[in-house]
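In: sequence-free structure coming up:
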């Protein structure tokens, strides 16, 4: 009986260590931007979130924009958006490249939750490559979830949708 208690205590400690070690900053903003724009200095921009933009986002995506401004970088029609979205309780910071109305290079830059950290791996984020918004404001690709990480999956999906929407809103989209 005593051995079983020790095993359970050890497993509990290991599970706690895994959760705690999954939180963190995986990539700095400057490193992400160098990866997105390897041979160029991107132009930083600020998109001020007006009431019109909030209403448009709510109508198109079914969700508003909480911040007063959104920072993004651009060079030759390629844009990089670094956005935050609440998973369960904490924000998840994600970088999304949008070019020609299509998402690519989705990376989790910082994860602050205790669960759902699996969304940071390429097996998940690469699903968003070539994603576009359809007429309903939804991603046009089937995104597979991760068992036990539903809220994190939903947060990353909302970020990609928002980046695609903002790209269109700024007039970067062709046509």
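Out: Structure received. This is a predicted model, so every value here is computed, not measured.
In: tell me the secondary structure at residue 35.
Out: helix (DSSP: H, G, I helix; E, B strand; the rest coil).
In: can you pull out the strands in the protein?
Out: Counting by DSSP state E, the chain forms strands over residues 24-25, 43-48, 69-75, 78-86, 91-99, 102-111, given from the N-terminal end onward.
In: ranking the ones you listed by burial, who's on top?
Out: Per residue and on average, the most neighbours among the strands of the chain fall to strand 91-99, with a mean of 24 (mean count of other C-beta atoms under 10 Å). The C-beta positions use only the backbone N, C-alpha and C, and glycine is treated the same way.
In: adding distance to residue 134 and mean pLDDT, write the strands of the chain out as TSV.
Out: Shown next, in TSV, are the strands of the chain (distance: least, C-beta to C-beta, whole Å; pLDDT from 0 to 100):
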stretch	distance to residue 134	mean pLDDT
strand 24-25	33	84
strand 43-48	23	93
strand 69-75	22	94
strand 78-86	19	94
strand 91-99	15	96
strand 102-111	13	96
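In: tally of neighbours for residue 156?
Out: The burial metric for residue 156, expressed as a neighbour count using other C-beta atoms under 10 Å, is 27.
In: who touches it in this structure?
Out: With contact set as C-beta atoms under 8 Å, 6 or more residues apart in numbering, residue 156 has these partners: 85, 92, 94, 106, 108, 119, 124, 125, 128.
In: and those residues, which two are the farthest apart?
Out: Of all pairs drawn from the contacts of residue 156, the widest gap by C-beta to C-beta lies between 85 and 124 and measures 14.8 Å.
In: what's the closest non-adjacent residue to the most centrally placed residue in the chain?
Out: The centre of the chain sits closest to residue 94, judged by C-alpha atoms, centre = their mean, with a distance of 3.3 Å. Nearest non-adjacent residue to residue 94, counting by C-beta to C-beta, 6 or more residues apart in numbering: residue 159, 4.5 Å away.
In: now do the contacts for that neighbour.
Out: Residues in contact with residue 159 (C-beta under 8 Å, 6+ apart) are 83, 84, 85, 92, 94, 96.
In: can you lay out the strands of the chain as a markdown table showing distance to residue 54?
Out: What follows is the strands of the chain, written out as a markdown table (distance: least, C-beta to C-beta, whole Å):
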| stretch | distance to residue 54 |
| --- | --- |
| strand 24-25 | 29 |
| strand 43-48 | 11 |
| strand 69-75 | 12 |
| strand 78-86 | 15 |
| strand 91-99 | 19 |
| strand 102-111 | 22 |
